[in-house]
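1. Got a predicted structure plus its sequence, pasted below:
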Amino acid sequence: MLLSLDRISKRFERSSGATKLALTDISLELERGQIFGVYGPSGAGKTTLLRIAAGLVSPDGGEVSYDGRRLNELPAGELMRLRRREIASVWAAETPPAGLEVLEHVAMPLLVDDRDHRGAARRAREALAACEAEQCAGMMLNELSDGERQRVAIARAIVIEPRLLLADGPARNLSLIEQEAIMVLLSSLAHDARVAVLVTDSDSETLVGADSVHYLLGGKFVNPAASTHPGKIYQFPGRSRQAAADA
Amino acid sequence: MSAKHAVLGLLLDRPAYPYQMADLMQQRLGPSWRVNSGSLYNTVKALESDGLIERVHRSPDGRDERHVFAITQRGVREFERWFEQTPDTVRLSRRPLLVKITFAGPHRLAQAMSKVDEYERDCAERLNAIAGMRDALPGTDEKLLRADHLLLRLNLSSDVFALEGELRWAQHARELLTWLAEQEGALWPNGSGGERGSASASARTQLFTRIARAGSDREERSNTPRAQHPAPERAAG
């Protein structure tokens, strides 16, 4: 098992002193070559879940294991090595630095890891080409369309040739064709490159094609005995529940 | 579904004149249940001849169509049978618009797109009207909570969600048709086209094969006993 979250919980203190339960009793297991989808409304805990899986935030309860080792027991240097070499992420709320060319931006994870410049540029081009964004290489980051920005963000994530990809709403705000292209790219990354992919979205339809799709609401998985068949979202009561609440 | 069981359902609450039934259907179930008096008359006649409803009394003016109808015991049993035993499966509609788009061919894509625009406008107008109706109903925080109002909201919501879905589809159809119109070399069923470049596909295959191999190598290494695990290597310079 590459990534395993076992009964994770996380609380946040509000400025009023009240406590918000961001995640309660979340368990999931992810193997190389699998794509795992989590959908839920804003505030459901999707980003917190990914940040915990990335080792950026420690849970208050439960265990996160990566490749059989507990993340919270790893020395800081080793955790950093994992994040530089094996665990890649795409964050929804990330604002790319201004004044940077796309190629440099995509090569950056390799450069901060002391790789040689020419090799990093070559690999950045390869990653952009694999994401159908080679035409963006010479553009400035602020010149990109939403769809191009997401492709570039994924290229930047896979340039390190990771084993785990955490993608927080990578298809958000995109047209349906672009959403589909992003999901095809992520599926191929899981099934052909054998990367473990954990992807979130606010909408379940976007995640059709994931190996399993889970509904996260108020920090809990709704119906944790979830579908393991691609595209089977109908087993989840979440959508109908939402509809009843709106009616 | 025919209006038959909706009429039986209405009469479960109280007897009614046929013309009242038409109004009540819309009041309880929403505007998509509008029926003309002719077809309602046929429904009532059929229900009566099947013994599912009966005339209970004649109106004071004595005119035939002013008969008040009530549900019979057999009618109640039929409603219950239908309620319990008929499966509630979803039925997708066969839209003429889809036939037009499907068989438009490469030279009529622009016209197909304008049909989509028309459809989208129609959906938007109807969505506005029905959502307006739904929002005008009393909310859940009123002093007197009326079940029929709440259930009518549920009916209207069903149309609202369906129309939202249609709008979403129209948006998708426009995206897809625009995209298709820009593609040179799409293969059409009449045999035209059929050549596409695949430079990025092969770039993807190459990189992803390499990532898969590198991942397997790491996996093998991490399966070796921890004590022999090599120290994190420095990047190749």
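-> Received, thanks. Numbering: from 1, shown residues only, chains lettered A, B, ... in the order given.

2. Show me what counts as buried in the longest helix seen in chain A.
-> For chain A, the longest helix by residue count, based on DSSP state H, is helix A:176-191. By neighbour count with 16 or more other CB atoms under 10 Å in any protein chain shown, helix A:176-191 contains the buried residues A:176, A:178-183, A:185-191. (C-beta placed from N, C-alpha, C; glycine too.)

3. near chain B too, which of these?
-> On the criterion CB under 8 Å from any CB of the partner chain, A:Leu176, A:Leu185, A:Ser188, A:Leu189 are the entries of the buried residues of helix A:176-191 that sit beside chain B.

4. my read: the last one touches A:Leu165, true?
-> Meaning A:Leu189. Yes: using CB atoms under 8 Å, A:Leu189 is in contact with A:Leu165, at 6.4 Å.

5. what sits in contact with each of those two?
-> A:Ile158, A:Val195, A:Val197 (CB atoms under 8 Å, 6 or more residues apart in numbering or on different chains).

6. Can you lay out those residues as CSV showing distance to chain B and neighbour count?
-> CSV is the format used below for those (distance: CB to the nearest CB, whole Å; neighbours: other CB atoms under 10 Å in any protein chain shown):
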residue, distance to chain B, neighbour count
A:Ile158, 7, 27
A:Val195, 6, 28
A:Val197, 12, 27
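
7. quick one: which of these sit in helices?
-> Filtering these for helices - DSSP H - leaves A:Ile158.

8. from the ones next to chain B among the buried residues of helix A:176-191, which is closest to A:Leu71?
-> Lowest distance from A:Leu71 to these (CB to CB) belongs to A:Leu189, with 22.2 Å.

9. How about the contacts made by the most centrally placed residue in chain A?
-> Compute the mean C-alpha point of chain A, and by CA atoms, centre = their mean the closest residue is A:Ala167, 1.8 Å away. With contact set as CB under 8 Å, 6+ apart, A:Ala167 has these partners: A:Ser89, A:Val90, A:Ile154, A:Ala157, A:Leu186, A:Val197, A:Leu198, A:Val199, A:Thr200.

10. biggest helix in chain B, by residue count?
-> Chain B, longest helix under DSSP H: helix B:147-182.

11. In stretch A:81-101, which residues are buried?
-> Neighbour-count burial for stretch A:81-101 [16+ other CB under 10 Å]: A:Arg81, A:Leu82, A:Arg83, A:Arg84, A:Arg85, A:Glu86, A:Ile87, A:Ala88, A:Ser89, A:Val90, A:Trp91, A:Ala92.

12. Those also near chain B: which ones?
-> Filtering the buried residues of stretch A:81-101 for proximity to chain B (criterion: CB under 8 Å from any CB) leaves A:Arg81, A:Glu86.

13. Out of the buried residues of stretch A:81-101, which sit inside helices?
-> Using DSSP H, the subset of the buried residues of stretch A:81-101 located in helices is A:Arg81, A:Leu82, A:Arg83, A:Arg84, A:Arg85.

14. how much space between the residue most central in space within chain B and B:Arg55?
-> Nearest to the centroid of the C-alpha atoms of chain B, with distances taken as CA atoms, centre = their mean, sits B:Ala162, at 4.0 Å. Computed with CB to CB, to the nearest Å, the distance linking B:Ala162 and B:Arg55 is 37 Å.

15. Repeat that for A:Thr48.
-> A:Thr48 is 66 Å from B:Arg55, where distance means CB to CB.

16. between those two, which one's more packed in?
-> Set A:Thr48 next to B:Arg55 and count neighbours by other CB atoms under 10 Å in any protein chain shown: A:Thr48 wins out with 21 against 13.
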